[in-house]
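*Asks:* Here is the input, now give the coordinates:
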Amino acid sequence: MSDRCRLSHRARQATDQPISYLMGETIARPELISLAAGFVDPETLPIDVVAEATAEIFADRELAQAALQYGTTPGELELREAILARHLAADAMTAGEAAIDVEQLVLTAGSNQLLHLIGETLIDPGDIVICASPCYFVYVGTLQGLGARVLGVAADEQGLIPAALEESLQRLQASGELSRVKAIYVASYYDNPTGATIPASRRQEILELAQRFRTDGVIHVIDDVAYRELGYYGDDEPSFRSFDDAGETVIHVGSFSKSFSPGLRIGWAILPPPLVEPIGNQKGNMDFGSPRLNQRIMATVFRRGLYDAHVAKIRASYRVKLEATLAAMETHFGSLAEVDWIRARGGLYTWVTLPDAIDTGSSGPLFARALDEGVLYVPGVHCYPQEGAPIRTNTLRLSFGVQSPETIEQGVAALARAVAEVLAEGAIAP
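*Replies:* Numbers count the residues shown, from 1 in each chain. This is a model prediction of the structure:
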């Protein structure tokens with residue numbers, strides 16, 4: 001890069017996301033079975049539903065003009081009201097019980113924009129965000145680009161471990177760094193990358209720790225619920241927000257990308273009241289209103305009662321794929337004592353742990369051998385923060401969203417062959 005291009009400090013801190021390389025491999029080699037990118041199934045995209053909603057909007061000239069005009073910074077009121085009603089119903093609470101007003105909701109162009117806005121509002125360089133280790137790697141990259149220290153805390157098949165979180169907070173307290181902790185990030189439903197769901201008892205513990213260890217300001221719990229709708233067996237947990245009686249700790253972040261359409265790019269948040277204005281100001285400086293037509297489409301989908309039927313459709317489709325993935329893992333890896341995987345009940349991902357000696361990284365022997373066998377995965381090393389809990393180089397993420405049950409079986413079988421070949425040849429990390 002030329003020295004004459006004077007980049008900002010944040011631009012110099014930003015790095016390319018690993019998913020860019022993985023997507024490039026997928027495009028360059030279309031014969032690969034990609035179990036890497038967390039795309040939604042194109043066969044379940046709501047083409048007819050969106051066409052119906054769009055037709056209603058453009059059948060009325062006045063409605064069409066409004067949809068194609070600038071909107072407000074927080075977003076369409078009708079859609080915000082629909083989101084709030086759905087959230088309250090999921091938690092079996094009234095607006096009064098939850099102490100939430102529609103003015104606390106803001107709409108953005110996808111949840112990643114919202115997570116970035118939260119970071120811009122809360123984080124100064126050197127501030128600390130705590131998250132599970134492993135964690136959603138795109139957000140880890142966002143935080144690093146903002147100059148944050150991202151501290152990983154041990155997690156298991158039920159997500160972030162409260163005892164490990166408490167130990168980390170105690171160490172920061174002892175070192176005099178506790179005041180730099182601005183947030184704890186969790187993806188509490190069918191987490192990306194592990195598929196883990198945090199049970200209600202842990203949610204209460206994590207929230208209590210955030211509140212107990214606060215010093216001169218709130219330690220926010222950023223609860224990313226992007227996958228809440230993708231539960232396939234009828235079970236659910238009350239949200240973190242339902243335990244936040246004062247309503248000042250939890251930032252509840254959602255998205256329609258996985259449950260409806262990523263192409264519409266609609267994210268949303270329920271904000272603590274003190275954050276409504278500053279995040280609104282940040283958003284106003286960025287776009288003074290996310291795409292209004294997309295919001296009008298989504299509001300129409302809710303008003304016409306089309307959303308629930310679509311969610312039921314994708315749950316049925318993804319449940320078959322999840323069960324195909326777990327069955328294939330049992331068939332091809334079940335006899336290997338040192339191989340384990342999380343048996344998720346929703347979401348789009350399966351987290352796999354291989355023998356300690358196998359390096360699953362993109363420069364390791366397994367990744368190349370898997371490509372030779374015709375399958376692509378996400379190396380788990382990308383999902384670990386650089387600070388905190390140890391980085392495990394023997395893990396990987398499989399995503400089953402875009403594949404059929406047949407190609408999932410073929411992909412897992414190919415991965416098993418690659419693992420067997422690496423083990424047999426001794427081509428493993430020292």
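*Asks:* how about the strands in the stretch 251-400 of the chain?
*Replies:* Taking DSSP state E, counting those that start in this stretch as the test, the strands found in the stretch 251-400 of the chain are 267-270, 340-341, 349-353, 375-376, 378-379, 387-388, 395-399.
*Asks:* Dump those into CSV; add mean pLDDT as well.
*Replies:* What follows is these, written out as CSV (pLDDT from 0 to 100):
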stretch, mean pLDDT
strand 267-270, 98
strand 340-341, 96
strand 349-353, 98
strand 375-376, 96
strand 378-379, 96
strand 387-388, 96
strand 395-399, 98
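*Asks:* Same list, the ones you listed, but as CSV with distance to Q173 and mean neighbour count please.
*Replies:* C-betas here are computed from N, CA, C, even on glycine. As requested, the strands of the stretch 251-400 of the chain are exported to CSV (distance: least, C-beta to C-beta, whole Å; neighbours: other C-beta atoms under 10 Å):
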stretch, distance to Q173, mean neighbour count
strand 267-270, 29, 26
strand 340-341, 34, 18
strand 349-353, 31, 23
strand 375-376, 43, 24
strand 378-379, 34, 24
strand 387-388, 15, 17
strand 395-399, 30, 25
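*Asks:* Domains in this structure, by residue range?
*Replies:* The record's domain split for the chain, according to automatic domain parsing, is 9-45+309-425, 49-307.
*Asks:* where among those domains is the average confidence lowest?
*Replies:* Among the domains of the chain, domain 9-45+309-425 carries the lowest mean pLDDT, a mean of 91.
*Asks:* right, so of the strands of the stretch 251-400 of the chain, which gets closest to E409?
*Replies:* strand 375-376 (11.3 Å; C-beta to C-beta).
*Asks:* what packs against the closest one?
*Replies:* Counting contacts by 3 or more C-beta pairs under 8 Å, 6 or more residues apart in numbering; DSSP states H and E, strand 375-376 is packed against helix 18-28, strand 33-34, helix 405-425.
*Asks:* Can you tell me which of these is nearest to R203?
*Replies:* Comparing these by C-beta to C-beta, helix 18-28 comes nearest, at 28.3 Å.
*Asks:* Next, the residues that contact the strand or helix carrying Q170 from outside, please.
*Replies:* According to DSSP states H and E, Q170 maps onto helix 162-174. Contacts of helix 162-174 with the rest of the structure, by C-beta atoms under 8 Å, 6 or more residues apart in numbering, involve 128, 130, 151, 153-155, 178, 180-181, 184, 202, 205-206, 209, 213, 388-389.
*Asks:* mind running it again at 6 Å?
*Replies:* Identification of contacts with helix 162-174 by C-beta atoms under 6 Å, 6 or more residues apart in numbering yields 153-154, 178, 202, 205-206, 209, 213.
*Asks:* ok, now stretch 341-356?
*Replies:* Contacts of stretch 341-356 (C-beta under 6 Å, 6+ apart): 38, 157, 190, 192-195, 227, 230-233, 325-326, 329, 338-340, 394-399, 401.
*Asks:* Please type out the PyMOL selection for whichever of those residues turn out to be buried.
*Replies:* A single PyMOL command selects the buried members of the contacts of stretch 341-356 (16 or more other C-beta atoms under 10 Å):
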select buried, resi 38+190+192+193+194+195+227+230+231+232+325+326+329+339+394+395+396+397+398+399+401
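*Asks:* circling back to that earlier point, now tabulate the strands of the stretch 251-400 of the chain in a markdown table and tack on distance to R241.
*Replies:* Formatted as a markdown table, those follow (distance: least, C-beta to C-beta, whole Å):
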| stretch | distance to R241 |
| --- | --- |
| strand 267-270 | 6 |
| strand 340-341 | 30 |
| strand 349-353 | 24 |
| strand 375-376 | 36 |
| strand 378-379 | 29 |
| strand 387-388 | 26 |
| strand 395-399 | 27 |
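*Asks:* what about those, which gets the closest to L146?
*Replies:* Closest among those, using C-beta to C-beta: strand 387-388, at 15.0 Å.
*Asks:* That concludes my questions; thank you for your assistance.
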